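Participant: The following comprises the amino acid sequence and a computationally predicted model.
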Amino acid sequence: MMNGILQWIGAAFIITGHILNAIGTSVYPWNIISFVIGTIFFLIWALRIRNLPQIAVNMFAMIIGIIGIFNSFI
């Protein structure tokens with residue numbers, strides 16, 4: 001049950017990030033923040049089920065997202 005909850009919360013944040021991307025640059029960096037939060041939930045899920053490819057994808061996505069958030073405040 002917890003794995004499903006983690007996935008749905010992650011999905012909601014990823015979908016929100018895509019919606020914010022469609023709105024335009026006025027929501028920057030909130031779109032990136034939404035993607036990072038969603039990625040965190042998917043990473044927790046991937047760690048719980050020990051899905052190594054998904055862990056790798058989420059780690060890479062988180063690194064890129066954190067760089068994006070950092071760059072948005074420079």
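Facilitator: Nice, I can see it. Please read these numbers as outputs of a predicted model, since none were measured by experiment.
Participant: Figure out the helix or strand that Ile9 lives in.
Facilitator: Element membership for Ile9, per DSSP states H and E: helix 2-23.
Participant: Tell me how many other residues surround Phe13.
Facilitator: 19 (other Cβ atoms under 10 Å). All C-beta spots, glycine's among them, are computed from the backbone N, C-alpha and C.
Participant: buried set for the helix holding Ile9?
Facilitator: Across helix 2-23, burial judged by 16 or more other Cβ atoms under 10 Å covers 6-7, 9-10, 13-14, 16-17, 20.
Participant: same check, this time on stretch 24-42
Facilitator: 27, 29, 31-42.
Participant: just stretch 65-74 next, same as before
Facilitator: Buried residues in stretch 65-74, counting neighbours by 16+ other Cβ under 10 Å, are found at 65, 68.
Participant: Please enumerate residues in contact with it?
Facilitator: Contacts with stretch 65-74, where a contact means Cβ atoms under 8 Å, 6 or more residues apart in numbering, come from 28-29, 32-33, 35-36, 39.
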